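S.K.: sequence-free structure coming up:
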């Protein structure tokens, strides 16, 4: 502090002196970098850095492998136990609803003499559809579009049943209004319920494809890290050999062995899993979808065939300059779809057990079409009873052919479902234990790297 004089005899006043400014405090990062740089100037320091990097690489490789393979194992399990079964359930919901509609129209055609078999078939289909909807609701994500579709079908199903019961009641009493109620029930089924069921089937197929897409890609990040880790371990051992003339460092060898095992397990295990999953898709899921679509087409065709007789020409549509029976026109469209589906199913079948029922279904379909044409000829000539006998009669009717088509398609579906399960199970099981095994071996490998470097450091003490 300095004294300064003032005018008029005032006492001097003290003035503060300038204080030296302290240098800025260095950041922890800068200090750490300096220490690391200083450590790298000595061999023990370099060894510590090498050991830390090797341990970090091995642990990172194990962590990424466990993460990627957990995701793929989860997706593979979902393919087998969730998305594919739900896709099949969605197809069964559609089939049950369509078959119930067919059984209802068949019972209506029989009039007051509706058979117990027809009634039981209708009730069984309704119960099956309701049970499958409950199962689908339990396994669908709460906020997914599938859940909203399932809720819609659960609401429409009782409404449809009520219309069918009214149609039956009036039909037994001989009132023509019964046919109107049945056509209204069919419209609800064809325009609301079956499109919703088909939408559910489409969504579940998309979910299945998404699970396949998550399960099958190669884990390139883990493979790249494994290769980098092995290269780093090889470099460290070569460096150790050049400085000590010792061929082996037990710790580094153990780390290399653990990393190699994980990398081989990862590559081979995922390759086997990918092969099994691809096989389950190519020889299972693709065939199942084609067969489900063919079965749905056959059910639609049968329903339209029955409704042709129920409506008795009351429903028509204009095709070009020609007016045709609406239900018979739709029957022909559905039979064309069925024929194409069976042709494709035959191409996808890769063994006799899969091909034989498809071939039988083609033969049944051909006979069905012949009998249908004969029934239509009788109906157009005014012989309604003869036409009715050719459609729902006890012998030689189109119903026999439809049942045979449906039974053969069910046999083909069961075979392809078993093929899918076998291949998908093999694919999923190939990943069993890999995430946990990779993590454990990575920890052991990192420990080996640290111990191996520690052995070298002990020589400097």
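M.R.: On my side now, so go ahead. Fair warning: this is a prediction, and the values are worked out from it, not measured in the lab.
S.K.: can we go C-alpha only for contacts and neighbour counts from here?
M.R.: Noted.
S.K.: Buried ones in the helix or strand in which residue 294 is found, by neighbour count?
M.R.: In this structure, residue 294 sits in helix 286-311 according to DSSP states H and E. Residues 287-311 are the ones in helix 286-311 that count as buried (16 or more other Cα atoms under 10 Å).
S.K.: by contact count, what packs against it?
M.R.: Under the contact criterion of 3 or more Cα pairs under 8 Å, 6 or more residues apart in numbering; DSSP states H and E, helix 286-311 touches helix 84-109, helix 177-188, helix 326-348, helix 398-429.
S.K.: go with 6 Å
M.R.: helix 326-348 (3 or more Cα pairs under 6 Å, 6 or more residues apart in numbering; DSSP states H and E).
S.K.: and the helix it packs on, what's its mean pLDDT?
M.R.: The average pLDDT within helix 326-348 is 90.
S.K.: Give the buried residues for it.
M.R.: So helix 326-348, judged by 16+ other Cα under 10 Å, has buried residues 326-331, 334-335, 337-339, 341-346, 348.
S.K.: before we move on, what about stretch 138-150?
M.R.: 140, 146-150.
S.K.: low-confidence ranges in the stretch 251-400 of the chain?
M.R.: Applying pLDDT under 70 to the stretch 251-400 of the chain flags the ranges 312-321, 323.
S.K.: just the strands in the protein please.
M.R.: Using DSSP state E, the strands of the chain run over 2-4, 13-15, 316-319, 322-325.
S.K.: now residue 265: how far from residue 384?
M.R.: 71 Å (Cα to Cα, to the nearest Å).
S.K.: And for residue 416?
M.R.: For residue 416, the distance to residue 384 - Cα to Cα - is 41 Å.
S.K.: what about those two, which has more around it?
M.R.: Using other Cα atoms under 10 Å as the criterion, residue 416 and residue 384 rank with residue 416 on top: 24 against 17.
S.K.: how close does the residue lying closest to that one once chain neighbours are set aside get to residue 343?
M.R.: Closest residue to residue 416 apart from its sequence neighbours, by Cα to Cα, 6 or more residues apart in numbering: residue 284 at 5.4 Å. Look at residue 284 and residue 343: by Cα to Cα, they are 17 Å apart.
S.K.: repeat for residue 259
M.R.: For residue 259, the distance to residue 343 (Cα to Cα) stands at 51 Å.
S.K.: One more: residue 163?
M.R.: Taken as Cα to Cα, the span from residue 163 to residue 343 is 37 Å.
S.K.: Check residue 442 too.
M.R.: 52 Å.
S.K.: which stretches of the stretch 151-300 of the chain form helices?
M.R.: For the stretch 151-300 of the chain, the helices defined by DSSP state H, counting those that start in this stretch cover 177-188, 194-215, 220-244, 250-280, 286-311.
S.K.: Residue 435 versus residue 269, what's the distance?
M.R.: On the measure of Cα to Cα, residue 269 and residue 435 end up 11 Å apart.
S.K.: And those two? Which one has more around it.
M.R.: residue 435 (23 against 20).
S.K.: what residues are up against that one?
M.R.: 66, 69-70 (Cα atoms under 6 Å, 6 or more residues apart in numbering).
S.K.: How many neighbouring residues does the closest residue to it other than its chain neighbours have?
M.R.: Closest residue to residue 435 apart from its sequence neighbours, by Cα to Cα, 6+ apart: residue 66 at 4.0 Å. Around residue 66 there are 23 other residues, counting by other Cα under 10 Å.
S.K.: before we move on, the earlier item: show me the one of the helices of the stretch 151-300 of the chain that comes nearest residue 117.
M.R.: Closest approach to residue 117 among those (Cα to Cα): helix 286-311, 16.6 Å.
S.K.: For residue 16, give me the pLDDT.
M.R.: For residue 16, the predicted pLDDT is 57.
S.K.: where does the stretch 51-200 of the chain dip in pLDDT?
M.R.: In the stretch 51-200 of the chain, residues with pLDDT under 70: 107-114, 176.
S.K.: cutoff 90 now
M.R.: Low-confidence segments of the stretch 51-200 of the chain (pLDDT under 90): 51-52, 78, 80-92, 95, 98-123, 135-148, 161-191, 194, 198.
S.K.: quick one: residue 425 and residue 285, what's the gap?
M.R.: 14 Å.
S.K.: where's the longest helix along the chain relative to the chain centroid, distance-wise?
M.R.: Across the chain, the longest stretch assigned as helix under DSSP state H is helix 43-78. Its chain's C-alpha centre and that of helix 43-78 lie 30 Å apart, by Cα atoms, centre = their mean, to the nearest Å.
S.K.: tell me the angle of it relative to helix 194-215?
M.R.: 160 degrees (axes from the mean of the first three to the mean of the last three Cα atoms, to 10 degrees).
S.K.: Give me the angle between helix 43-78 and helix 398-429.
M.R.: Using the same axes, to 10 degrees, helix 43-78 lies at 170 degrees relative to helix 398-429.
S.K.: what angle separates helix 43-78 from helix 84-109?
M.R.: On the basis of the same axes, to 10 degrees, helix 43-78 is oriented at 10 degrees to helix 84-109.
S.K.: May I see the buried residues of helix 43-78?
M.R.: Per 16+ other Cα under 10 Å, helix 43-78 contains these buried residues: 44-51, 53-70, 72-73, 75-78.
S.K.: would you list the contacts of residue 435 in TSV and tack on distance to residue 84?
M.R.: Formatted as TSV, the contacts of residue 435 follow (distance: Cα to Cα, whole Å):
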residue	distance to residue 84
66	25
69	21
70	20
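S.K.: right, and out of the residues you listed, which lies closest to residue 233?
M.R.: residue 66 (20.5 Å).
S.K.: Return the distance of that closest one relative to residue 362.
M.R.: Taken as Cα to Cα, the span from residue 66 to residue 362 is 49 Å.
S.K.: swap in residue 376?
M.R.: 21 Å.
S.K.: So these two - more neighbours on which side?
M.R.: Shown here are residue 376 and residue 362; by other Cα under 10 Å, residue 376 has more neighbours (22 against 19).
S.K.: For the more buried one, list the residues it contacts.
M.R.: Counting by Cα under 6 Å, 6+ apart, residue 376 makes contact with nothing.
S.K.: Could you tell me which residues within stretch 166-180 count as buried?
M.R.: 166-168, 170-172, 178-179.
S.K.: What of stretch 417-428?
M.R.: Buried-residue list, stretch 417-428, by 16+ other Cα under 10 Å: 417, 419-428.
S.K.: Reformat these as JSON lines; add distance to residue 391 and pLDDT.
M.R.: Output for those, formatted as JSON lines (distance: Cα to Cα, whole Å; pLDDT from 0 to 100):
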{"residue": "417", "distance to residue 391": "32", "pLDDT": "91"}
{"residue": "419", "distance to residue 391": "36", "pLDDT": "91"}
{"residue": "420", "distance to residue 391": "36", "pLDDT": "91"}
{"residue": "421", "distance to residue 391": "38", "pLDDT": "92"}
{"residue": "422", "distance to residue 391": "40", "pLDDT": "92"}
{"residue": "423", "distance to residue 391": "42", "pLDDT": "91"}
{"residue": "424", "distance to residue 391": "42", "pLDDT": "92"}
{"residue": "425", "distance to residue 391": "44", "pLDDT": "92"}
{"residue": "426", "distance to residue 391": "46", "pLDDT": "92"}
{"residue": "427", "distance to residue 391": "47", "pLDDT": "91"}
{"residue": "428", "distance to residue 391": "48", "pLDDT": "91"}
